[in-house]
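Need coordinates for the following:
(6 chains)
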Number of protein chains: 4
Amino acid sequence: MGGTTKASAGVRLGGRSARVREAVLRAALELLEESEVSDLTVERLAGRAGVNKTTIYRRWRDLDGLIGDVLLQLGIQRVPIPDTGDFDRDLAELAESLREAITGQAGGKVMTALAVAATRSERAAEVLRGFLRERFKKAEIIVTRAVERGELPKNIDGIAVIETLGAPFYLRLLVTADPIDVTFSQRAAAAAAAAARAGVFRDGAPLVALS
Amino acid sequence: MGGTTKASAGVRLGGRSARVREAVLRAALELLEESEVSDLTVERLAGRAGVNKTTIYRRWRDLDGLIGDVLLQLGIQRVPIPDTGDFDRDLAELAESLREAITGQAGGKVMTALAVAATRSERAAEVLRGFLRERFKKAEIIVTRAVERGELPKNIDGIAVIETLGAPFYLRLLVTADPIDVTFSQRAAAAAAAAARAGVFRDGAPLVALS
Amino acid sequence: MGGTTKASAGVRLGGRSARVREAVLRAALELLEESEVSDLTVERLAGRAGVNKTTIYRRWRDLDGLIGDVLLQLGIQRVPIPDTGDFDRDLAELAESLREAITGQAGGKVMTALAVAATRSERAAEVLRGFLRERFKKAEIIVTRAVERGELPKNIDGIAVIETLGAPFYLRLLVTADPIDVTFSQRAAAAAAAAARAGVFRDGAPLVALS
Amino acid sequence: MGGTTKASAGVRLGGRSARVREAVLRAALELLEESEVSDLTVERLAGRAGVNKTTIYRRWRDLDGLIGDVLLQLGIQRVPIPDTGDFDRDLAELAESLREAITGQAGGKVMTALAVAATRSERAAEVLRGFLRERFKKAEIIVTRAVERGELPKNIDGIAVIETLGAPFYLRLLVTADPIDVTFSQRAAAAAAAAARAGVFRDGAPLVALS
DNA sequence: GAATAAACGAGACGGTACGTCGCGTCTTTAC
DNA sequence: GTAAAGACGCGACGTACCGTCTCGTTTATTC
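Sure, this is the predicted structure:
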């Protein structure tokens, strides 16, 4: 492995820890881009990051925690909540950026990796759920604003709208593997919008009476 | 091993092999019901089924294949495609039976296990996708009939309707872990219905123009 | 590494387990002969034996157990208890074979390795002690016979005689690292003999009164 | 390495350094007294001494060196070479103080720890051997005096006498784990004395002729 | 009903990865 | 500027699970 002996000049730029952290996260992204989700092992990761296995365990108790971090880091850079003044358009743009996030090589893989990890580790599950919850919460404002503009009925469950919009993406990502293209993305947005307009997500919406 | 159950007198249809196969599949279901998805290991499974590890590998090549079989077996018993004469009601009942399938202890776990397996094994992925595809295809007739009855516009993508209905279930199962209760299930059905009625799934439905 | 694919012809000589066991024990001896005691690691050992690390752990719970086995195997081949009819000569020959056992490359190293292991593992300690106890016990007969011949006083603690003879070897092996040559070995034998003759090891031998 | 041996009253040599040194050595003794030899790790030691790990490495390069120092410090306080005017009694008292040193909780453990360390580190081995050599050398005078008094034949190898006396202690400490009590200790002394009197350790003592 | 082929039981093995421990070095921070 | 704090590289540990292999034993089918 030969240590970090690079230090091309006398650079020595402070914060080894930060450097290591960064290197590992970047390596994780690279590995996910290049290979299968199941190929993301701690050992390979360490090798790729030029870091020792133990270091990874010291910093992130386990792989699950690390993947969570990768996701969070990815998430930070991509939270454009549209505000175009038009509900349909807002949803359409939201769907589009979700599509891009999931479609961009790493994006979907990270999500998948975390979903798999959540299967084994409660911590990973918590990170995953927290991430989604926050994302949905943030997007909820799109609905709120539409309500304020009178585009939607009041007492509407904004989170449910966003969930309806997002769900098809995750189905294709995690189960179906069908392509997630713009047409698909826009249809998901349109469906959520139509349902919202139809009042499906109102708090006391009447349901079909089952037997 | 399990009782001899060798069935009525002269039948003789495949003796031991069938018995073993059944024992293993049942054991898999039991294990999934009782414990975490990640606890379903070949060794535990063999122990539970009272069968040797090698036997499992002989029959199913690998664990992924086995899980696929478990799913298929589960699926066989539960494909009630409603035909009530009413589109909304059909979707509502479909959603309800999907809810039951996913909510019943084993159901969701099998799905999850297979989704995880699909991550590692192309074979598992193929089984998973094939299963969903078939299920969706079968349910498509609900839409077809609604179109014939004039409840829905023509040229509608039936599969997409079903996909929209089902997606939220998988989101909650695989990612969010939010409860999948009747209210949720009915809302998913209503949303799909509303979107279908609004013409979102027509073949040439106009999309919002993105920048 | 590549497995035991040797099987030069269709030989297929039964007993893989036995073969593996033998390969590992031999490899352990080789490693001890060639390198330092502290270089005997499970990983290196596995590599040398052409066996997988896991296999070693499966067979011998830990390295300590294995070293014990190595010792026992060595011990089996070297238990010549002399019976020359002469006490001094018996001890002299015993000392000589002890010298050879300890001096032969592997011999001393195995002993040392086990002594070190005994520090960490009660099991190793037990093996080590049991080995010595048995060895001493076996040699005790030399004293018994000498007593019967009238060469030594009665009521003598035979084990103590052997212990006195052996002790200097272990001191040099484990602590002092001084050479263990024939002169040394013979002096140890002579000392034990002299002390025995002087009645030091009689059951009720008078001791010097301290303070 | 070499102890600071500050000694005479007002010297005041080194303030904090000396304190740290002392704290670490004391902590090492405490740890050895309380727990197993293999539990003496640098980290635990640092924690116990209230000192940083790095500090230990700065002062002692490695753990082996430190253990050596602990031994030396222990040794300093316990070197009473008896001079009673009687050979047997001198040996008896020597044996007794050796017994006490080895039996006192820390004593044997330190010795054992160093013996283990000597296995890995040539430095530790050197310290260990040096320690023993010096101790034996110091005790040699007992023999010298006995020769001068005419109690023993001339040309006798004093060191060998002491070695013979000490060896059984180390055998029991490092290998056998049999109890080291006063009876045992006195027998060791008596054996060495008897052998010495018998002329076993004379320079040209005749040996039994081996085939 | 005996012979033969297929499936199974038992269990060791190679292999990959895991997560941990301890040593000794090196950086960063704080005094 | 020096020492404490602590992250890191490194090597090894012992474990879990995967899927393979061999050999001997049942079981089912075939003659």
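
Please identify the buried residues of the helix or strand of chain A with the lowest mean pLDDT?
When each helix and strand of chain A is scored by mean pLDDT, DSSP states H and E, helix A:63-76 comes last, with a mean of 82. Neighbour-count burial for helix A:63-76, counted by 16 or more other CB atoms under 10 Å in any protein chain shown, picks out A:63-71, A:73-74. Every C-beta, even on glycine, is put in place using the N, C-alpha and C of the backbone.

next structured bit after it?
Using DSSP states H and E, the helix or strand that follows helix A:63-76 in sequence is helix A:87-103.

which of the residues in that next one are buried?
Neighbour counts over helix A:87-103 (16+ other CB under 10 Å) mark A:87-99, A:101-103 as buried.

can you state the direction angle for that helix and helix A:63-76?
Computed by axes from the mean of the first three to the mean of the last three CA atoms, to 10 degrees, the angle separating helix A:87-103 from helix A:63-76 equals 140 degrees.

Show me how far helix A:87-103 is from its chain's centre.
Computed by CA atoms, centre = their mean, to the nearest Å, the chain-centroid distance of helix A:87-103 equals 13 Å.

what does stretch A:39-51 give?
Relative to the chain's own centre, stretch A:39-51 is displaced by 22 Å; criterion: CA atoms, centre = their mean.

That one and DNA strand E, any residue contact?
Yes - for stretch A:39-51, a contact with DNA strand E is found by CB under 7 Å from any atom of the strand, at A:39, A:41-44.

farthest-separated two in these?
A:Asp39 and A:Val42 (11.6 Å; CB to CB).

A:Pro206: how many residues sit nearby?
By other CB atoms under 10 Å in any protein chain shown, 9 other residues sit near A:Pro206.

er, A:Ala196 I mean
Residues lying near A:Ala196 (other CB under 10 Å) number 31.

so it sits right up against A:Val161, yeah?
Yes - the criterion here is CB atoms under 8 Å, and A:Ala196 meets it with A:Val161 at 4.8 Å.

shared neighbours of these two, which are they?
Shared contacts of A:Ala196 and A:Val161 (CB atoms under 8 Å, 6 or more residues apart in numbering or on different chains): A:Val143.

and the residue lying closest to A:Leu74 once chain neighbours are set aside, how many neighbours?
Nearest non-adjacent residue to A:Leu74, counting by CB to CB, 6 or more residues apart in numbering or on different chains: A:Val110, 6.0 Å away. For A:Val110, the neighbour count with other CB under 10 Å is 27.

between the buried residues of helix A:87-103, which is nearest D:Glu126?
A:Ala101 (63.6 Å).

Hmm, that closest one is touching A:Gly107, no?
Yes - using CB under 8 Å, A:Ala101 is in contact with A:Gly107, at 4.6 Å.

where in chain A is pLDDT low?
Counting by pLDDT under 70, chain A contains low-confidence ranges at A:1-14, A:76-79, A:211.

Name the residues of the longest helix anywhere in it that come out as buried.
The longest helix of chain A (DSSP state H) is helix A:122-148. For helix A:122-148, a neighbour-count test (16+ other CB under 10 Å) marks A:123-125, A:127-128, A:131-132, A:135-136, A:139-140, A:142-143, A:145-147 as buried.

one step back: I'd like to know which elements the least confident helix or strand of chain A is packed against.
Packing partners of helix A:63-76 (3 or more CB pairs under 8 Å, 6 or more residues apart in numbering or on different chains; DSSP states H and E): helix A:16-34, helix A:42-49, helix A:105-120, helix A:122-148.

Do any residues in that helix lie close to DNA strand E?
Yes - using CB under 7 Å from any atom of the strand, helix A:63-76 reaches DNA strand E at A:Leu63.

That helix vs helix A:122-148, what angle?
Calculated by the same axes, to 10 degrees, helix A:63-76 forms an angle of 20 degrees with helix A:122-148.

residues making contact with helix A:63-76?
A:24-25, A:28-29, A:32, A:40-42, A:45, A:56, A:60, A:101, A:106-107, A:110-111, A:113-114, A:117-118, A:120-121, A:123-124, A:127-128, A:131, A:135.

Then stretch A:128-148?
Outside stretch A:128-148, the residues within contact range by CB under 8 Å, 6+ apart are A:68, A:71-72, A:75, A:79, A:81-83, A:87, A:90-91, A:94, A:114-115, A:117-118, A:152-154, A:156, A:158-159, A:161-163, A:166, A:196, B:175-177.
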